[in-house]
Structures are given as structure tokens and as C-alpha cells.
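> can't give you the sequence, but here's the structure:
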């Protein structure tokens, strides 16, 4: 017998598959684009969900860290000729170092200060990062061009880009790696324990402060990975990552706190819905309305269901 949570997730996946098949028959481009875009949303949202679930901090600077990663990839490409995919490791390490420094200098000192202080400090970090980028690089859009990132193929008469399937591969790889880390390693199990009960974890000898530092650094490193794989396909400017903060929070809210698998499912769902809206004539300007509209419906449905228990 399946547990109630597993049963709901199974039904959700089955429904998503049916909807995907229908959309694939009606508008194959929308299905492909939705899966690709939704996978990217999931990659970016996973680290925000990790920080929120373990530290209990909603990182409002999430999108700005993504922007920093985009500029780091741009610098490596423009100044040193480093291919974006080869730059994934250095960009990931650079963002990890930045994340650790930011945590030690700021976030660490407000963990016990309440949610408002945490929101204000991360909002302040976002402003500092954004203004710092503007002062150095101005607001002029920049780009990283690679021929392979615009490759395409044709299947059953439908032509679509192939590079963006990397987003799906990375999303699955990051999700599986995080699950294995949390379940199969001592540090991962300690991290899970801290997320469940930090005081209890401290009593049994777990270094809670180190876990917080590690999780924040790891999460920002994943943001760096996301920026490196998306940089050939996006414009680079100071506000490039800002919209992803709210979208990442939206996926976390849809999935539920601590549900990393749900992040990927929510990303695919909203990515497909967004693509369908864009495929409708005159619907391109409504994609964000649908995105957050679906979020509201999901949260209200969950609240009503929990209120009946």
C-alpha cells in the first residue's frame, strides 16, 4: 500500500504525464519548451529550497547570486576564452566562495534574529550585489555566444533546440545528488537532522553552525552551476537573475517545505503551463500571470485540505 503522500505524488505524476501527452499532440513545441524551461526553473529553485528548508531563511538575494554567476561566466569567456560548459567548475567554486563569505559576514548573524531581519538582510545583499554589478559593468546587456547552444534537431517533423535538454539532465543530476547526499552520507544525515530539529541536533553533538555554513555555500554553488549552463542562452545584465527569486520561491511553495522531488515536478508543471500560454496567439504577455495564478490555486488547495484534517 502506498502512503498518503506517495499516493498523491503518484496521482500528480500520472496527471502530469496525461496532460503532457495531450499538449504534445496539440502543440509539440510547447511541450518540449515547457520541459526545458521547467527543468531550468527547478535547477535554480533547488538551492533556494535547500536554504529555506535547512536554515529557515528565505534568500531574497537568490536571483542576484544567479546574476553574479552569469557575469562570472561572461568574464571567463570574454577575458580568458573559457567555454561556458568548461567554466561550470570554476564558476561553481567562485559562487561557493562568495556564498560562504556572504554567509559569514551577514546571514550568520541574523539566524536567531527573526524572519523580518533575515528578509531585510538578504534584501540588502541583493541590492548591494545589483548596484555593485551596475557600477562595474553598467546596465549594457552582454552575451556569451556559442554555436552548439543554438543547435537543433527535427523529430517527427517537429524542429526544436537540443541544448536546453541539458537543463533537464542537470536538474535530475542535482536532485539525485542531493538526495544521495542527504540519505547516504554522515554530513547529509546531519544536515537533515538540523533541518528537522536544530536544537536536538546540537544536543547529540552535531555542529549546527558548520552545517548552516556548508548548506549556504553548497546552495550558492548550485546557483553558480545553473548560471554557467544557462549563460549561452540568456542576455546578461544586472537584473537578469532577479525574476528567478520569486519563481524559485513559487516552486518551493508549490512543492512544500523539504520536498526536493516536488521542486522538479512543480518546475515541469509551471514550465509546461507557461509554454502553453505562450503558444496561444496573444498569450505571451500572460505567462507570468498564469505562473503565479497556478501557484495561488495550489497553495489555496493545500491550505483547504490541511484545514479539513
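Great, that's in hand. Only a predicted model underlies this, so the values are computations on that prediction, with no experimental measurement involved.

> make it CA atoms for all contacts and neighbour counts henceforth
Will do.

> the helix or strand where residue 300 lies - contacts with which helices or strands?
According to DSSP states H and E, residue 300 maps onto helix 287-307. Judged by 3 or more Cα pairs under 8 Å, 6 or more residues apart in numbering; DSSP states H and E, the packing partners of helix 287-307 are helix 243-255, helix 260-279.

> neighbouring contacts of the first one?
Helix 243-255 is contacted by residues 41-42, 44-46, 48-49, 60-63, 259, 261-263, 265-267, 292, 295, 298-299 when judged by Cα atoms under 8 Å, 6 or more residues apart in numbering.

> before we move on, what about the last one?
Surrounding helix 260-279, the residues in contact under the criterion Cα under 8 Å, 6+ apart are 13, 16, 20, 23, 27, 30-31, 33-43, 45-46, 49, 171, 175, 251-252, 254-256, 283-288, 290-291, 294.

> and it with helix 243-255, angle?
Relative orientation of helix 260-279 versus helix 243-255 (axes from the mean of the first three to the mean of the last three Cα atoms, to 10 degrees): 120 degrees.

> quick one: list the elements packing against the top helix by length along the chain.
For the chain, the longest helix by residue count, based on DSSP state H, is helix 28-54. Using 3+ Cα pairs under 8 Å, 6+ apart as the contact test, the elements touching helix 28-54 are helix 4-26, strand 158-161, helix 165-184, helix 186-196, helix 208-230, helix 243-255, helix 260-279.

> tabulate the ones you listed (a markdown table), appending mean pLDDT.
Shown next, in a markdown table, are the helices and strands packed on helix 28-54 (pLDDT from 0 to 100):
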| stretch | mean pLDDT |
| --- | --- |
| helix 4-26 | 71 |
| strand 158-161 | 80 |
| helix 165-184 | 96 |
| helix 186-196 | 95 |
| helix 208-230 | 98 |
| helix 243-255 | 90 |
| helix 260-279 | 87 |
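
> nearest to residue 84, of those?
Among these, helix 208-230 comes nearest to residue 84, with 5.9 Å by Cα to Cα.

> reformat the helices and strands packed on helix 28-54 as CSV; add mean neighbour count and distance to residue 123.
CSV is the format used below for those (neighbours: other Cα atoms under 10 Å; distance: least, Cα to Cα, whole Å):
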stretch, mean neighbour count, distance to residue 123
helix 4-26, 13, 34
strand 158-161, 14, 36
helix 165-184, 17, 26
helix 186-196, 19, 23
helix 208-230, 23, 16
helix 243-255, 21, 11
helix 260-279, 24, 23
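
> nothing else from me, thank you.
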